[in-house]
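Colleague: Okay, predicted coordinates and the sequence, questions at the end:
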Amino acid sequence: MTKLDLIEDLAGKENLTEKQAKDIINLILKGFTDTLKKGDRIEIRGFGSFSVREYKAYKGKNPKTGKNADVRSKKLPHFKVGKELKGLVDHK
């Protein structure tokens, strides 16, 4: 499912214009992004949680050249699936 599919589904099911549905989806995604940028956690019961994980700098290798390379520290979003969703996907 793409963002456009989600917008079209919301518009069709809730009798909204595509612009209204797009605004709603964008508002939700911006809220998620802003929350994760601040380092806060998002939890949606039954679905899962989003958090930010910090990774330290390390020495790596460039796969093309094989030369050593310094990889800087970084923060990346992480998703942990909820128990209910896990069961639904696994058909339990």
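Modeller: Okay, I see it. Residues are numbered from 1 along each chain as shown.

Colleague: domain ranges for this protein?
Modeller: 1-38, 41-92 (automatic domain parsing).

Colleague: mean pLDDT lowest for which of those?
Modeller: Of all these, the minimum mean pLDDT falls on domain 41-92 (a mean of 94).

Colleague: Pull the number of nearby residues for I7.
Modeller: 20 (other CB atoms under 10 Å). No exception for glycine: its C-beta is placed from N, CA and C like everyone else's.

Colleague: That should have said H78, apologies.
Modeller: Neighbours of H78 using other CB under 10 Å come to 12.

Colleague: How about A21?
Modeller: 19.

Colleague: Quick one: residues contacting F32.
Modeller: F32 makes contact with 42, 50, according to CB atoms under 8 Å, 6 or more residues apart in numbering.

Colleague: Kindly confirm my reading that it forms part of a strand.
Modeller: No: counting by DSSP: H, G, I helix; E, B strand; the rest coil, F32 is located in no strand; its state is helix.

Colleague: what's the distance between it and T17?
Modeller: 23 Å (CB to CB, to the nearest Å).

Colleague: Quick check: buried residues in stretch 49-57?
Modeller: Buried residues in stretch 49-57, counted by 16 or more other CB atoms under 10 Å: F50.

Colleague: most packed of the domains of the chain?
Modeller: Compared across those, domain 1-38 shows the largest average neighbour count, a mean of 13 (mean count of other CB atoms under 10 Å).

Colleague: just checking, L29 is part of a helix?
Modeller: Yes: L29: assigned to a helix according to three-state DSSP.
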